[in-house]
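Engineer: turn this into a model:
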Amino acid sequence: MRRNRLIIMAVASAVAATAVVAGCGDGGGAPAATASPTAARRLTVTSSAYADGGTIPRRHTCDGADVSPPLALGAVPARTASLALLLLDTDAQHGTFTHWLAWDIDPHTRQLSAGEHPRGATEGRNDFGRPGYGGPCPPRGDHPHHYVLTVYATDRRMSLTARASSAELLRALSGHTLAAGTLTGRYGRG
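Structural biologist: Got it, this is the predicted structure:
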């Protein structure tokens, strides 16, 4: 559990460090090629339902309506061909648990309403075994889990089937991510 959170934190640190380096160069023109889905630019991801690091409201969990939270995105790079998103529970008992993955989202998307399916997207099969969003649902009595939602701006559309895993999505994003941003929420079931 702790190892998964450290991996996510290392990826976030790499994104931040790359953004600082890019800011010192040519004004953030072309991103450097990387072997991971980290990006040269930071994308702002927010929700009116909860602040970064805050508690995810029950409505967006298995204890409520189980609908995706409303999301707002900042400006994406001009060369963005599509957006992708990934929602992971980094504290799951048996490794990282995928709650939502979607790709080929219209690059002009700047917001999603609660429960909205991303326009033009393919929603992959989450670790509940179904396509689309599956809200936080940690075991009762566990400490609150951390749920990291990452949005990626990519320079191409993904060549993935709807059965693609989060690992396959991350491999497809490798070297094609122009910008990325995260929103982390917590949820526990007491």
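Engineer: show the pLDDT at the closest residue to V67 other than its chain neighbours.
Structural biologist: Nearest residue to V67, sequence neighbours excluded (CB to CB, 6 or more residues apart in numbering): G115, at 3.5 Å. Glycine gets a C-beta too; all of them are placed from N, C-alpha and C. Per-residue confidence at G115 stands at 96 (pLDDT).
Engineer: and G115, what does it touch?
Structural biologist: A65, V67, S68, Y133 (CB atoms under 8 Å, 6 or more residues apart in numbering).
Engineer: I figured the last one hits H99, correct?
Structural biologist: Yes: checked against CB atoms under 8 Å, the pair Y133 and H99 is within contact range at 6.9 Å.
Engineer: so between those two, which is more surrounded?
Structural biologist: H99 (25 against 22; other CB atoms under 10 Å).
Engineer: so the residue nearest the centre of the chain is in which element?
Structural biologist: The residue lying closest to the centre of the chain (CA atoms, centre = their mean) is T150, at 2.0 Å. According to DSSP states H and E, T150 maps onto strand 145-154.
Engineer: same check on L87?
Structural biologist: With DSSP H and E as criterion, L87 is part of strand 82-89.
Engineer: please tell me how far A75 sits from A102.
Structural biologist: Distance, A75 to A102, by CB to CB, to the nearest Å: 20 Å.
Engineer: next: G181.
Structural biologist: 15 Å.
Engineer: just T154 next, same as before
Structural biologist: Taken as CB to CB, the span from T154 to A102 is 12 Å.
Engineer: I'd like the next helix or strand past the lowest-mean-pLDDT helix or strand in the chain.
Structural biologist: Within the chain, judged by mean pLDDT, DSSP states H and E, the helix or strand with the poorest mean is helix 2-23; its value is a mean of 38. Per DSSP H and E, the first helix or strand lying C-terminal to helix 2-23 is strand 41-42.
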